[in-house]
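In: Turn this into a model:
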Amino acid sequence: MRVERTGSPKLLTPRMKRFLVEALRGIDLDETQSHQEERPDYECLGGLLIVELKSLEEDGSTRMGNLIEELGKRADWPQFLGPTPIKAFIQHTDEPEAIARKVSNRIGRAVVNHMKKANRQLGAYRKEGSRRNIVGALVFVNEDHEIYDPQLVGRIIAHELRRMDAGNLLYPNIDLVFYFTERHVQIDGRQVLYPCVVVEGQRVNEAPWMASLSTCVLEKWSSWNGHPFIRDGTATDFTTIDAIPEMAPKHERWRTGYRRNPYLRTFDVSQLRDRFDEIMVVLNHAFIKGSPWKPPRELIERSFEAFTHLTLEMSERAIPASNFRLEVDRLAAAAERLKLTDESISWLKEMDSEK
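Out: Numbering: from 1, shown residues only. Predicted coordinates:
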């Protein structure tokens, strides 16, 4: 189910800070220690739960852009018309699994870097603390970035928590990792459900009471925000909220309009190709010098809008641009469907022969 939002959201990190203090009786350790010290952020639940809070504030576009530029040099890297999800590119390559791992690793760099630092911070607290039963928790907050899909982030965290070096865990001081995002959502009837991912470290297997502590935190978070709490992974079908700017250029409004009404969804591939050919006939006549027919401005505008809609549908179905390569016979057939003159049809054929 598609969900959209207009305008900018309120930052999630400040709300999480209030939650830790108000609902978990947290003490802000930054107020009791030097900022130069490497320590976690909050001491909660009477010192039982120690929390390091990390905000995913960068959208990852630069890292992904660099990777896509690198992958674009591959001979098997497909070309698409318009913005296309990375998964569409991956499935059309010769090594989809290997490339998917590269993409996951690139997206996960920010997550992994935060985990390394949090492990050091929580470890420093444990060394100086006198309490034996301490649960070290890392809390990730996604500040409204689509790229940090909850299932992907959960897999990255789980993989890292299992990693070993010379027989020792890489993150021995992290017992629980929470991930909160409100850019991803599920609508269940009239209920709005946001994902809360929790990944347990090795010590939780040895001390099951820690798992009940993680459930307690999630229940309190849901209650504090006025949302229902559903456990045991029964709600997993989350979609990314489509953020609609209050003011947008024309082509972005066309994209929004199509996402609201994807009328091409019922077309088969041959019908989409026919629509593509008809749009190309109009635009070729409009912009190639010497064409025998100049389409009216309104038709040109509608053709650009239709092309935007078509590229979105091709992107949704992962149809590469090469599948719709122009052919003279198809263009001639499209011109006939549009009831153009014989002169236009001949011109299209001559134009193709000159290329």
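
In: drop to CA atoms for contacts and neighbour counts, all remaining ones
Out: Will do.

In: hey, where'd the strands end up in the protein?
Out: Ranges of strands within the chain are 4-6, 27-28, 42-44, 49-56, 135-142, 164-165, 168-169, 176-181, 184-188, 191-193, 196-200, 239-240, 242-244, based on DSSP state E.

In: Tell me the neighbouring strands of the second one, and mark each as parallel or antiparallel.
Out: This points to strand 27-28. In the sheet, strand 27-28 lines up against strand 42-44 (antiparallel) (DSSP bridges).

In: Contacts made by the partner strand with the rest, please.
Out: Residues from elsewhere that reach strand 42-44 (C-alpha atoms under 8 Å, 6 or more residues apart in numbering): 20-21, 24-30, 49-52.

In: 6 Å instead?
Out: 24-29, 50-51 (C-alpha atoms under 6 Å, 6 or more residues apart in numbering).

In: ok, residue 171 - contacts?
Out: Residues counted as contacts of residue 171 (C-alpha under 6 Å, 6+ apart) are residue 119.

In: please redo it, this time with the cut-off set to 10 Å
Out: Applying C-alpha atoms under 10 Å, 6 or more residues apart in numbering, one finds that residue 171 lies in contact with 115-120, 122-123, 160-165, 201-202.

In: ok, now how distant is it from residue 330?
Out: Using C-alpha to C-alpha, to the nearest Å, residue 171 is found at 60 Å from residue 330.

In: Same question for residue 239.
Out: Separation of residue 239 from residue 330 (C-alpha to C-alpha) stands at 38 Å.

In: tell me the contacts of residue 193?
Out: Contact analysis of residue 193 by C-alpha under 10 Å, 6+ apart lists 182, 184-187, 222, 227-230, 235-236, 238.

In: quick one on the thing from earlier: is it possible to get CSV of the strands of the chain that adds mean pLDDT?
Out: Shown next, in CSV, are these (pLDDT from 0 to 100):
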stretch, mean pLDDT
strand 4-6, 87
strand 27-28, 94
strand 42-44, 96
strand 49-56, 96
strand 135-142, 96
strand 164-165, 91
strand 168-169, 92
strand 176-181, 96
strand 184-188, 85
strand 191-193, 82
strand 196-200, 94
strand 239-240, 88
strand 242-244, 87
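
In: Out of the ones you listed, the one nearest residue 82 is which?
Out: The closest of these to residue 82 is strand 242-244. By C-alpha to C-alpha, the value is 17.1 Å.

In: Can you tell me the strand partners of that closest one and which way each runs?
Out: Strand 242-244 has these strand partners (DSSP bridges): strand 4-6 (parallel).

In: what residues does the partner strand touch?
Out: Here strand 4-6 makes contact (C-alpha under 10 Å, 6+ apart) with 183, 240-247, 256, 259-260.

In: burial of residue 24, as a residue count?
Out: Using other C-alpha atoms under 10 Å, residue 24 has 19 neighbouring residues.

In: If you could redo that for residue 109, that was the one I meant.
Out: 14.

In: Is it correct that it is in contact with residue 60?
Out: Yes. Between residue 109 and residue 60 a contact is recorded at 9.3 Å, counting by C-alpha atoms under 10 Å.

In: Tell me the spacing between residue 69 and residue 103.
Out: For residue 69, the distance to residue 103 (C-alpha to C-alpha) stands at 12 Å.

In: Please tell me how far residue 58 sits from residue 342.
Out: Here the distance between residue 58 and residue 342 works out to 56 Å (C-alpha to C-alpha).

In: What is the burial count for residue 46?
Out: Around residue 46 there are 11 other residues, counting by other C-alpha under 10 Å.

In: And the pLDDT for it?
Out: As predicted, residue 46 sits at a pLDDT of 92.

In: show me the contacts for it.
Out: 24-27 are the contacts of residue 46 under C-alpha under 10 Å, 6+ apart.
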